[in-house]
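Enquirer: predicted coordinates and the sequence they were generated for:
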Amino acid sequence: MQLIYVLKIMEVKMKKLKGLAILLTFLLVFAACSTTEVEQPNELSYEGSLKIAGLDSDIEVSYNDIYSMESITEEFLGISSSGEESKNTYTGVKLNDVLALYGAGQSDFSFIRLTASDGYAIDVPHEIISQKDIVLAYEINGEVMEERSLPLRAVIDGERSMYYVSKLAEITLVSGNLDVSSEFEKIVILEVAANTLTLEDYTYYESVDKAIRGSELLEKFSNQETESVHFMAYDDFEKTEMLNVINQGYIKMTGENSPLFLAPELPKGMHTKNILTMDSGDVVFLSMHSAHEYFEESQIGEFVGISFENILRLLNISSEMYTLEAADGFQVDIPQSDLVQTIISESNGSFRVRAPEGMPNNYNLKDLMVIYPQDPVRESQGSTDVVDGEGLTANWEIQVDGLVDGSFTFTSDRAKSRLDLVELNTSVVRNDETLEEAWQGYRVLDVLSFLKVEDFDSIVFESGDGFKLELPASEINENSILAVVRNGEEMTDLDNLIRLVLDTPVSSNWIKGVVRLTVK
């Protein structure tokens with residue numbers, strides 16, 4: 001009996017030990033699992049290096065070294081090709097910080113070319129790189145970017161998404177003189193000039209179009225060899241391209257997005273679509289097809305076309321007399337006072353000058369190809385202190401929000417080339433005294449018309465210090481102007497380059513230093 005009792009006690013103890021062993025095993029497993037769950041993720045790592053060309057010698061900086069540099073985390077505004085805006089928070093390293101390691105900076109260069117590993121490339125012009133940081137980003141909204149964007153993505157606040165190059169593999173720093181200004185000689189109608197050159201078949205996606213060689217165009221019509229050529233598209237996009245690139249490329253004259261500068265080995269991001277002007281210093285090529293998209297048409301009798309006055313204003317050209325030359329060499333001289341009353345109309349691919357009745361019949365030149373200003377004055381922005389509507393020197397910009405297709409930056413250059421400078425005399429009662437002043441500026445309604453705003457309820461005007469004023473549509477009229485000249489003198493105070501002026505007896509609603517309009 002005692003033996004049986006002892007065996008039972010041992011059995012109970014074994015069961016307790018077994019239970020304890022199970023409990024200990026469970027605790028060890030739980031501890032291990034807990035350790036796995038709280039383990040920190042590995043730091044971002046990517047094999048390979050970013051190539052940087054254009055310094056004293058080409059260099060390679062490993063992506064991992066860039067990841068380890070001091071970073072910034074900021075919100076960036078991106079603008080799609082259709083004008084839609086999006087905001088995302090990016091983390092990355094400023095390109096300027098990388099270049100500083102080699103004694104350089106973005107603004108030291110004429111432009112910077114960003115190239116992706118898939119071959120996409122885009123040139124960032126000097127006006128952007130001298131004012132805004134290119135950030136080499138690797139996180140978006142707090143998360144490491146998707147594999148399709150790594151190892152780096154270039155981001156630039158407030159710029160078009162075409163500059164947001166993913167899978168960044170190479171940065172090329174380009175030096176050189178981008179000043180295309182020189183002794184101006186002539187304006188050449190691009191479409192007519194192209195017909196005097198060899199038109200070659202050029203396959204663009206699935207279409208076979210006609211194109212001319214950039215080198216042949218310049219060789220025939222330009223007497224100088226500048227280092228670069230400046231393009232402007234009819235959507236106001238501007239780009240400067242080095243001469244060696246032009247000489248290797250083509251201008252596609254037919255088909256989609258024409259006139260279009262491109263080249264067989266040139267990445268699509270470096271193409272220039274819908275060219276309006278192509279400036280090589282002594283000659284400006286003007287596309288009449290794009291001009292019809294850029295300007296509102298004018299009419300003389302039964303003919304519609306583009307006003308010569310608008311063309312001369314766009315190009316900032318003035319001369320007392322002009323010589324117009326047809327493709328067959330026939331010429332006619334026209335004084336500027338007559339020329340600004342004429343239009344260029346198109347018929348069956350030919351461009352013809354149309355003059356009002358009463359003017360000499362030979363003004364109606366057929367197949368216009370070249371315009372020669374005699375003793376030309378080509379106004380460069382900011383070249384004179386005379387305030388007459390042509391010689392304003394200040395550079396300013398106003399962001400316009402609330403448009404159907406997103407936001408738009410309206411600049412002093414656009415105002416001078418596209419709008420009329422109007423005068424407004426005001427009488428304001430202040431401290432029981434009447435203060436009379438003369439203002440010159442641009443009608444708010446003209447700005448909205450330029451932006452194709454046909455209907456609105458109100459406009460919010462915002463100054464540089466954040467002050468806002470909302471005016472209903474009923475209070476905005478022909479005498480509501482964005483003034484840039486006060487009593488005959490251009491406003492040059494950097495905090496008050498442009499001022500909202502209203503035809504009211506009090507100035508409490510006049511906004512100094514306007515920087516933003518919001519259409520509602």
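Expert: Cool, the structure landed.
Enquirer: where in the stretch 251-400 of the chain is pLDDT low?
Expert: Along the stretch 251-400 of the chain, segments meeting pLDDT under 70 span 377-391.
Enquirer: can you give me the helices for it?
Expert: Using DSSP state H, counting those that start in this stretch, the helices of the stretch 251-400 of the chain run over 288-294, 308-315, 336-339.
Enquirer: buried set for the first one?
Expert: Buried residues in helix 288-294, defined by neighbour count with 16 or more other C-beta atoms under 10 Å: 288-292, 294. All C-beta spots, glycine's among them, are computed from the backbone N, C-alpha and C.
Enquirer: who does that helix touch, helix- and strand-wise?
Expert: helix 190-194, strand 275-279, strand 303-307, strand 343-347 (3 or more C-beta pairs under 8 Å, 6 or more residues apart in numbering; DSSP states H and E).
Enquirer: picking up where we left off before, can you list the helices of the stretch 251-400 of the chain in a markdown table and add distance to E200?
Expert: Below are those laid out as a markdown table (distance: least, C-beta to C-beta, whole Å):
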| stretch | distance to E200 |
| --- | --- |
| helix 288-294 | 19 |
| helix 308-315 | 29 |
| helix 336-339 | 35 |
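Enquirer: for the helices and strands packed on helix 288-294, which one sits closest to L421?
Expert: Closest to L421 of the helices and strands packed on helix 288-294, according to C-beta to C-beta: strand 303-307, at 17.0 Å.
Enquirer: could you dump that closest one to PDB, C-alpha only?
Expert: Extracted C-alpha coordinates of strand 303-307, given in PDB (Å, rounded to 0.1, in the frame of the first residue of the first chain):
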ATOM      1  CA  PHE A 303     -10.200  88.400 -93.500                       C
ATOM      2  CA  VAL A 304      -9.200  87.200 -90.000                       C
ATOM      3  CA  GLY A 305      -5.600  86.800 -88.800                       C
ATOM      4  CA  ILE A 306      -3.000  87.800 -86.300                       C
ATOM      5  CA  SER A 307      -2.400  91.500 -85.600                       C
END
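Enquirer: can you give me the buried ones in that strand?
Expert: Buried residues in strand 303-307, counted by 16+ other C-beta under 10 Å: 303, 305-307.
Enquirer: same thing with stretch 479-490?
Expert: By neighbour count on 16+ other C-beta under 10 Å, the buried set for stretch 479-490 is 479-486, 490.
Enquirer: about what we covered before: take the helices and strands packed on helix 288-294 and lay them out in a markdown table including distance to T393.
Expert: Formatted as a markdown table, the helices and strands packed on helix 288-294 follow (distance: least, C-beta to C-beta, whole Å):
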| stretch | distance to T393 |
| --- | --- |
| helix 190-194 | 31 |
| strand 275-279 | 21 |
| strand 303-307 | 26 |
| strand 343-347 | 31 |
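Enquirer: give the contact list for L368.
Expert: With C-beta atoms under 8 Å, 6 or more residues apart in numbering as the criterion, the residues that contact L368 are 189, 192, 324-326, 344, 351-353.
Enquirer: turn those into JSON lines, columns for distance to L217.
Expert: Listed next are the contacts of L368 as JSON lines, based on distance: C-beta to C-beta, whole Å:
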{"residue": "I189", "distance to L217": "12"}
{"residue": "V192", "distance to L217": "12"}
{"residue": "L324", "distance to L217": "20"}
{"residue": "E325", "distance to L217": "17"}
{"residue": "A326", "distance to L217": "19"}
{"residue": "I344", "distance to L217": "20"}
{"residue": "F351", "distance to L217": "17"}
{"residue": "R352", "distance to L217": "22"}
{"residue": "V353", "distance to L217": "23"}
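Enquirer: how does this structure divide into domains?
Expert: For the chain, the structural domains run 1-39, 49-174, 186-290, 295-378, 397-519, going by automatic domain parsing.
Enquirer: highest average neighbour count across those?
Expert: Each of these was scored by mean neighbour count; the highest is domain 186-290, a mean of 19, by mean count of other C-beta atoms under 10 Å.
Enquirer: give me the pLDDT for T35.
Expert: Looking at T35, its pLDDT is 39.
Enquirer: follow-up on the earlier one: of all the helices of the stretch 251-400 of the chain, which one comes closest to L168?
Expert: Using C-beta to C-beta, the helices of the stretch 251-400 of the chain put helix 288-294 closest to L168, at 32.1 Å.
Enquirer: can you give the distance of that closest one from its chain's centre?
Expert: 19 Å (C-alpha atoms, centre = their mean, to the nearest Å).
Enquirer: dihedrals phi and psi, the nearest residue to S117 once chain neighbours are set aside?
Expert: Residue nearest to S117 in three dimensions, not counting chain neighbours: A169, with 4.1 Å by C-beta to C-beta, 6 or more residues apart in numbering. The phi/psi pair for A169 (degrees, to the nearest 10) reads phi -120, psi -30.
Enquirer: could you do E146 as well?
Expert: According to degrees, to the nearest 10, E146 has phi -60, psi 160.
Enquirer: gap between the two ends of stretch 193-213?
Expert: Stretch 193-213 stretches 12 Å from its first residue to its last (C-alpha to C-alpha, to the nearest Å).
Enquirer: so what touches it?
Expert: 216-217, 220-221, 249-256, 258, 260, 262, 285, 327, 369.
Enquirer: how does it look with 6 Å?
Expert: The contact list for stretch 193-213, computed with C-beta atoms under 6 Å, 6 or more residues apart in numbering, reads 216, 250-255.
Enquirer: for the protein, where's the lowest mean pLDDT among helices and strands?
Expert: In the chain, no helix or strand scores lower on mean pLDDT, DSSP states H and E than helix 2-38, which sits at a mean of 44.
Enquirer: for the buried residues of helix 288-294, could you give me a markdown table that also reports distance to L451?
Expert: Formatted as a markdown table, those follow (distance: C-beta to C-beta, whole Å):
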| residue | distance to L451 |
| --- | --- |
| M288 | 24 |
| H289 | 22 |
| S290 | 19 |
| A291 | 19 |
| H292 | 19 |
| Y294 | 14 |
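Enquirer: check these against M242 and report the nearest one.
Expert: Within the buried residues of helix 288-294, the smallest distance to M242 is 22.6 Å, found for S290 (C-beta to C-beta).
Enquirer: check contacts around that closest one.
Expert: Contacts of S290 by C-beta under 6 Å, 6+ apart are 234, 274, 276.
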